[in-house]
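Q: Provide a 3D model corresponding to the input given below.
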Amino acid sequence: MKRLVEQVESEGLESLLGETVTVFCMAYFYTGKLIGVNKDDVLLEDPKIIYLTGPWDTPDWEDAQTLPTKCLYVRTAAIESYGVLK
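A: Here you go, the predicted model:
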């Protein structure tokens, strides 16, 4: 797994290391600081699960609940799309 040590130029998920990202998965949406990426998983720090997005042009999610863990692994096979949104 690659971990955030210093910013490196790359593409895809690796290019977002250190950013607060949203990952859209088959069943749920997750958000958190992207601190790790490998071929099987991404690692989110201070993760939240998003139950209601609310309007896309607002600065916060309508219902994003903090998960009871410091970090959460999300399988890349479950990710449909991702990006820095809010």
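
Q: Can you give me the distance of the closest residue to Ala64 other than its chain neighbours to Glu14?
A: Leaving aside its sequence neighbours, Ala64 sits nearest to Lys48 (Cβ to Cβ, 6 or more residues apart in numbering; 4.3 Å). Backbone N, C-alpha and C define where each C-beta goes, glycine included. Noted for Lys48: a distance of 22 Å to Glu14, by Cβ to Cβ, to the nearest Å.

Q: got it, and Asp41?
A: For Asp41 relative to Glu14 (Cβ to Cβ), the value is 13 Å.

Q: who has more neighbours, those two?
A: Taking other Cβ atoms under 10 Å, Asp41 and Glu14 do not tie; Asp41 has more neighbours (17 against 14).

Q: Asp63 against Leu52, yeah?
A: Yes: Asp63 is within contact range of Leu52, at 3.9 Å (criterion: Cβ atoms under 8 Å).

Q: The two - which one has more neighbours?
A: Asp63 (12 against 9).

Q: Kind regards, and thank you for your time.
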